[in-house]
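Colleague: With the sequence up front, the predicted model follows.
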Amino acid sequence: MTLTNLLFSFLILFLTTILPGYTNPIRPEQADCVADYLLISKNFKTEIFAEELDGIWKIQRGIPRKLLENLEIKREEMTELMSKDYAVHCFAKLGKQKDDNFLVEDIKTTPGKNHLILSQAFQDKLFEEGINIDIDESYFADCSICLEKVYENEQKLKKCKHVFDKKCIQEWLRLQQICPVCREATENELETSEDHNQDNREDQPQIENLAPNNQPQRNVHGGSRGK
């Protein structure tokens, strides 16, 4: 190979692989190896959230970035817990081939992303192993849509038994006929009337009201009101 051809090959390599890593933020899915590693190694709390991808709303699970400030990822620790191949592949995806460690906050993903998203394989596994919430446990649950505590004004989907804030799940089901947590089909689970009352609720049992008797109903925006 002549010197000219060698220089030309290096220029192509630089323009197509090396330069983009310095000029463009990485795609969120490129950091999924870090999110998976942190879930296993540190047991970080994950959140379910919705984001719009190419005009389609998708439910995702990830680790909030606010929990990851000043957190250092060390190649040696990742190698010990996961494997050498995993660490090499993960560092390479992030353009950190020559680094032994880096701060999570230095991972520059698409602007506006507030989570490190788990890989699809990990998300699917968590959905498969998700535990259905029964009526007694529901009072200690978080609504997976608004992420607020669910106490008095919760509703449970018939098929999968997942519990949500009443207003959140009704607004969700008007847009999508699936459970936000396990993605179980929820056809005909939305109450058919906005102004139904307690007397006719037994005739429309698709969504169960789990509010205990004589408890005030929680306002989604804070506070409570009596019946």
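Modeller: It's in. Numbers count the residues shown, from 1 in each chain.
Colleague: can we go C-alpha only for contacts and neighbour counts from here?
Modeller: Noted.
Colleague: Pop the domain breakdown of the protein in here.
Modeller: When the chain is parsed with automatic domain parsing, its domains come out as 26-128, 131-215.
Colleague: Need the residues that contact the strand of greatest length in the chain.
Modeller: Across the chain, the longest stretch assigned as strand under DSSP state E is strand 56-64. Applying CA atoms under 8 Å, 6 or more residues apart in numbering, the contact partners of strand 56-64 are 35, 44-52, 114-118, 123, 180.
Colleague: pLDDT (mean, whole number) over stretch 107-117?
Modeller: On average, the pLDDT along stretch 107-117 is 72.
Colleague: end-to-end on that stretch?
Modeller: 12 Å (CA to CA, to the nearest Å).
Colleague: I145 and E51 touch, don't they?
Modeller: No - using CA atoms under 8 Å, I145 is not in contact with E51; the gap is 11.8 Å.
Colleague: Settle it for me: which of the two has more neighbours?
Modeller: Shown here are I145 and E51; by other CA atoms under 10 Å, I145 has more neighbours (18 against 12).
Colleague: if I look at the more buried one, how far off is T46?
Modeller: I145 is 13 Å from T46, by CA to CA.
Colleague: got it, and Y86?
Modeller: Distance from Y86 to T46, counting by CA to CA: 21 Å.
Colleague: same question, W172
Modeller: To T46, W172 is 21 Å away according to CA to CA.
Colleague: what's the burial count for E47?
Modeller: Applying other CA under 10 Å, we find 15 residues neighbouring E47.
Colleague: ditto for L68
Modeller: L68: 16 neighbours (other CA under 10 Å).
Colleague: now the helices for this protein?
Modeller: For the chain, applying DSSP state H gives helices covering 3-13, 19-23, 32-42, 75-81, 84-93, 120-128, 166-175.
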